[in-house]
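Visitor: pasting the sequence and the predicted coordinates here, then a few questions.
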Amino acid sequence: MAAHYDLFVIGGGINGCGIARDAAGRGLSVCLAEMGDLGGATSSASTKLFHGGLRYLEFFEFGLVRHALAEREVLLRAMPHISWPLRFVLPLSHEMRFDSTTPTSRLLGAIMPWLKGRRPDWLIRLGLFLYDHLGGRKILPGTKTLHLPDTPEGAALQDRFTKAYEYSDCWVEDARLVVLNARDAEARGARILTRTKVTAARRVGDRWQITLARGGVSEQVKARALVNAGGPWVADVVQGVIGQNSHETVRLVRGSHIVVPRVAGHDKAYFLQGRDGRIIFVIPYESDFTLIGTTDADHQGDARVARCTEAERDYLLAFANEYLKLPLSAADVVWSYSGVRPLYDDGATSATAATRDYVLSLDENGPVLLNIFGGKITTYRTLAEDAWDKLKPHFPGRRDHWTAGVALPGGDFPVDGVGLLIEDLRTRYPFLGQAWATRLIRAYGTEARKILGPAQTAADLGSDFGATLTEAELRWLMTREYARTAEDVVWRRSKLGLRLGPDQIAAIDAFMAAGVTCADRATR
């Protein structure tokens, strides 16, 4: 007999998992199916920032920016282990230009043609003033002016940069955010199915009849409402799985990033303006590295095979080298990745200009269908609330919005409490080095103790797979965090792939393939 749910969610990215958590917390019976690993596509390939989107002000997207700015601090309070404040240094240069397609550029070109496409310092400062005040900032410090000579921030830059503005945004571990939302949804009663493909969904009477394929086995379930959070595949789901036509489409935009050895001797990021009007970020990454990105290019073909091209790599290197004192080359790139953002197709003339806001399309011709178009990681929680506002007439009597400030697993401690947690963990487990303890707290927060358990020595944690990854942690990832392969572990649940060699990663795969954990979670 087919299982019955109130809500079925297609897609295990951040929007799908956020919606599943939100709905499960309202008492709905929820099932979510993801065809690969959770966060396996766009949601693990972001620039990893909770940010308002400073450059979106140039497109007059004030509502989107205000929305995202207000949300930063809500999210910080709920996940202080995987998200934290980050200061950005914006060096000033008269050589840098607007994107000529932005409304701000066109306006200034009309009233101040002598600027010749330049971003004047006063306009940048005005934008940062708005950035400081649009979202009701309480935790994050405001903008200040930096004089770069003889400072750590200036040491990594060419001497011609003498002045900068410094402002606040936030870092987030994007793939862990997805998994923690899925875990919290499951803890509230949701069923989470990974490596499960939805092959068909049809309206039958007052229910959706949904056909699943997982592990070579077919299953049918029923649901009162269906949410299509397929990300880059949202249109494919509408047409191929549900069998409908839609006038709403997505614009697939590829954002590529490169990782190089650390370029600066401080923990601040850089916001760099280009001669072509674009911007990139140069961000401290995983202690010893620097993350540089992103590009904006229309993507053709399968989103699953998105790669950072040589042209994109070289573009990012050349862009950064306009600022850095010690130039980078292709030989410095230790890793690259690319994600395809499913932006709502608003007819913009370029990928850069396409809106980052989301559109929720409700179809009530029978059992309700909600299609999710676009969005950005910073607004995933409010997207889930807005999705509920669309669905709630079909589920009367449920609780009001509840997720604001509610901690994700491991995040039940104060925003400024990471240092104390690390110190406490090292006291309880003296065999942990500083870097090891920091990594565990930044990944698992208060749950790090559960992973370590009664261990008295490192040997008590079982096999050592390298880079401080032990059998105890690997078992946790397999039994609690849906990990099935080494790739899930070293590139999504962590970034230990930057430190592990091919033989070590193969050993992790062999251990996981041996089936030494509990039964496959997907059979639940």
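Guide: Right, received. Where do you want to start?

Visitor: elements contacting whatever helix or strand L391 lives in?
Guide: When secondary structure is defined using DSSP states H and E, the element that contains L391 is helix 380-391. With contacts defined as 3 or more Cβ pairs under 8 Å, 6 or more residues apart in numbering; DSSP states H and E, the secondary structure elements packing on helix 380-391 are helix 14-24, helix 62-78, strand 217-228, strand 358-363, strand 368-374. Placement of C-beta: from N, CA and C, glycine included.

Visitor: so D184 touches R21, yeah?
Guide: Yes: applying Cβ atoms under 8 Å, one finds D184 in contact with R21, separated by 5.1 Å.

Visitor: between those two, which one's more packed in?
Guide: In this view D184 and R21 are compared by other Cβ atoms under 10 Å, and R21 has more residues nearby, 28 against 24.

Visitor: enumerate every residue touching that one.
Guide: Residues touching R21, when contacts are defined by Cβ atoms under 8 Å, 6 or more residues apart in numbering, comprise N181, A182, D184, A185, R188, A190, A384, T403.

Visitor: now distance to G27 and secondary structure too, for the residues you listed, in a markdown table please.
Guide: Output for the contacts of R21, formatted as a markdown table (distance: Cβ to Cβ, whole Å; DSSP: H, G, I helix; E, B strand; the rest coil):
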| residue | distance to G27 | secondary structure |
| --- | --- | --- |
| N181 | 17 | helix |
| A182 | 18 | helix |
| D184 | 15 | helix |
| A185 | 13 | helix |
| R188 | 9 | coil |
| A190 | 11 | coil |
| A384 | 15 | helix |
| T403 | 14 | coil |
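
Visitor: so which of the residues you listed is the most crowded?
Guide: Neighbours here are counted as other Cβ under 10 Å. On that basis the top member of those is N181, with 32 neighbours.

Visitor: now R137: how far from Y56?
Guide: When distances are taken as Cβ to Cβ, to the nearest Å, R137 and Y56 turn out to be 17 Å apart.

Visitor: count the neighbours of the closest residue to A506 other than its chain neighbours for me.
Guide: The shortest distance from A506 to any non-neighbouring residue, by Cβ to Cβ, 6 or more residues apart in numbering, is to A486 (7.5 Å). Counted with other Cβ under 10 Å, the burial measure for A486 works out to 23 neighbours.

Visitor: coming back round to it: pLDDT (mean, whole number) over the helix holding L391?
Guide: The predicted model gives helix 380-391 an average pLDDT of 97.

Visitor: equivalent analysis for stretch 63-73, please.
Guide: Mean pLDDT, computed over stretch 63-73, is 88.

Visitor: what does stretch 293-301 give?
Guide: Predicted confidence along stretch 293-301 averages 89 (mean pLDDT).

Visitor: and stretch 254-270, by the same measure?
Guide: pLDDT averaged over stretch 254-270 equals 97, rounded to a whole number.

Visitor: just stretch 344-353 next, same as before
Guide: Per-residue pLDDT values across stretch 344-353 average out to 60.

Visitor: what's the answer for stretch 200-219, then?
Guide: Per-residue scores along stretch 200-219 average to 96.

Visitor: returning to that earlier point: residues contacting the residue nearest to A506?
Guide: By Cβ under 8 Å, 6+ apart, A486 lies in contact with I505, A506, I508, D509, M512.

Visitor: picking up where we left off before, more neighbours, R137 and Y56?
Guide: A direct count of neighbours by other Cβ under 10 Å for R137 and Y56 places Y56 higher, at 20 against 17.

Visitor: could you measure from the more buried one over to T378?
Guide: Here the distance between Y56 and T378 works out to 11 Å (Cβ to Cβ).

Visitor: also D332?
Guide: From D332 across to T378, the span is 30 Å (Cβ to Cβ).

Visitor: who's more crowded, the two?
Guide: Set D332 next to T378 and count neighbours by other Cβ under 10 Å: T378 wins out with 26 against 15.

Visitor: settle this for me: the more buried one is touching H51, isn't it.
Guide: Yes: with contact defined as Cβ under 8 Å, T378 reaches H51; the gap is 6.1 Å.

Visitor: what touches both of these two?
Guide: A shared contact of T378 and H51, defined by Cβ under 8 Å, 6+ apart, is any residue touching both; here these are A68, R72.

Visitor: show me the shaky parts of this protein.
Guide: Flagging of the chain using pLDDT under 70 yields the residue ranges 97-101, 103-106, 108-109, 112, 114-117, 346-356, 516-524.
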